[in-house]
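A.B. asks: Okay, here's the prediction I keep looking at, along with the sequence it came from:
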Amino acid sequence: MSTNTPPGDRIAKVLARAGVASRREAERMIEAGRVSVNGKQISSPALNVTTKDMIEVDGKPVSEPEPPRLWLYHKPTGLVTTERDEKGRETVFDNLPEDLPRVMSVGRLDLNSEGLLLLTNDGEIKRRLELPSTGWLRKYRVRVKGNPHEDTLSPLRKGITIDGEKFQPMEVSLDRQQGANAWLTIGIREGRNREIRRAMEAVGLTVNRLLRVSYGPFQLGDLKQGTVEEIKSRVLRDQLGLDKDFKPTTTPRPAVKRRPRGKR
């Protein structure tokens, strides 16, 4: 084992743990010259830092990482899952409770989709939850216009290719036909951009409602639209297999009703 390894952790990991951004996003911020350590601007993420170092992003000090936390949020339709929207549309982050710390979304739900969105204050948790290698199943209740049959849904279960892009097999079940619409339950493991909507269009169906009901072991349950609920630290630790480096939250917070903060 080498004795020349610098003490501390890589700067991007520290920024991620502090909730500044995901590790990959933090690396981009460093390369863009937005990060300084002990008063000196850095341009490479190949740097280890300790608690003795003073880190700044855009000239503002980075605080010590808080214990990792995870929240369930029932996203309504009409909100975009981004920190700032270039079109000026209302975002998820405009509508979170004011007393919530800085959080990042785990993946995204598009403007017209609703349901379970995971939020975390820890970039390493975000990365762990989003890694394709975890293969966690995300389940959706989907209403489509049309009258699907087994031969309609079969290609989705086998895995289809759309515009040269190969989609992994989906879990698809037909729940009921309701007039001109049908309700499906769909499970996916990749979460590509507009994956379900594009797949439905490819087999001649149009999605007119899409509700995510679970993300891996985390369930939407009866969480009301627009509300946030924190996952207990013990559950978070057990479900993610967190090691000793991830110190649990001592006091889980109860569900919090949405209180609009206004656009930033």
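C.D. replies: Thanks, I have it. Residues are numbered from 1 along each chain as shown.
A.B. asks: residue ranges with poor pLDDT in the protein?
C.D. replies: 1-5, 242-264 (pLDDT under 70).
A.B. asks: Quick check, central residue of it?
C.D. replies: Val106 (1.0 Å; Cα atoms, centre = their mean).
A.B. asks: so how far is Gly59 from it?
C.D. replies: 29 Å (Cβ to Cβ, to the nearest Å). To be clear about C-beta, it is placed using only N, CA and C from the backbone, and glycine gets the same treatment.
A.B. asks: Around Gln85, how many other residues sit close by?
C.D. replies: One correction, residue 85 is Asp, not Gln. 16 (other Cβ atoms under 10 Å).
A.B. asks: Count the residues that sit near the spatially closest residue to it that is not a sequence neighbour.
C.D. replies: Leaving aside its sequence neighbours, Asp85 sits nearest to Thr91 (Cβ to Cβ, 6 or more residues apart in numbering; 5.6 Å). Thr91: 18 surrounding residues under other Cβ under 10 Å.
A.B. asks: Next up, phi/psi of Thr91, please.
C.D. replies: phi -110, psi 170 (degrees, to the nearest 10).
A.B. asks: so what's it up against?
C.D. replies: By Cβ atoms under 8 Å, 6 or more residues apart in numbering, Thr91 lies in contact with 79-85, 263.
A.B. asks: helix/strand/coil for Ser154?
C.D. replies: Secondary structure assignment for Ser154 (DSSP: H, G, I helix; E, B strand; the rest coil): helix.
A.B. asks: From Ala16, how far off is it?
C.D. replies: 41 Å.
A.B. asks: The two - which one has more neighbours?
C.D. replies: Neighbours were counted for Ser154 and for Ala16 using other Cβ under 10 Å; Ala16 has more, 26 against 12.
A.B. asks: dump the residue contacts of the more buried one.
C.D. replies: Contacts of Ala16 (Cβ under 8 Å, 6+ apart): 22-23, 26, 122-124, 126-127.
A.B. asks: Among the contacts of Thr91, name the buried ones.
C.D. replies: Buried by 16 or more other Cβ atoms under 10 Å: 79-81, 85, out of the contacts of Thr91.
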